[in-house]
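Q: the amino acid sequence is not available; the structure is as follows:
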């Protein structure tokens, strides 16, 4: 569920950034697919970081 929420927020924010940057550059054609691609990329990065940063259950701290 958290990855779905991450995708929704990433999608909304990248579409907003895409619109603002397009408006600042003169208002040419708006390509919403760019925002979708960035949202997928951001979600994949969050998913990867979640997998990498989970603590190892077999890790035993050495007490010296």
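A: Now that the structure is in, tell me what you want to look at. Note that the coordinates shown come from a computational prediction; the quantities given were computed from them, not determined experimentally. Residues are numbered from 1 along each chain as shown.
Q: how much space separates the residue nearest in space to the middle of the chain from residue 57?
A: Taking Cα atoms, centre = their mean, the centroid of the chain lies closest to residue 42, which sits 2.0 Å from it. Taking Cβ to Cβ, to the nearest Å as the measure, residue 42 and residue 57 are separated by 28 Å. C-beta here means a position set from N, CA and C on the backbone, and glycine is covered the same way.
Q: again with residue 2
A: Look at residue 2 and residue 57: by Cβ to Cβ, they are 20 Å apart.
Q: try residue 16
A: For residue 16, the distance to residue 57 equals 40 Å [Cβ to Cβ].
Q: quick one, which of these two is more surrounded?
A: Between residue 16 and residue 57, counted using other Cβ atoms under 10 Å, residue 16 has the larger neighbour count: 11 against 5.
Q: dump the residue contacts of the more buried one.
A: By Cβ atoms under 8 Å, 6 or more residues apart in numbering, the contact set of residue 16 is empty.
Q: and the nearest residue to residue 38 once chain neighbours are set aside, its phi and psi?
A: Nearest non-adjacent residue to residue 38, counting by Cβ to Cβ, 6 or more residues apart in numbering: residue 14, 4.3 Å away. Backbone torsions of residue 14, given as degrees, to the nearest 10, read phi -70, psi -30.
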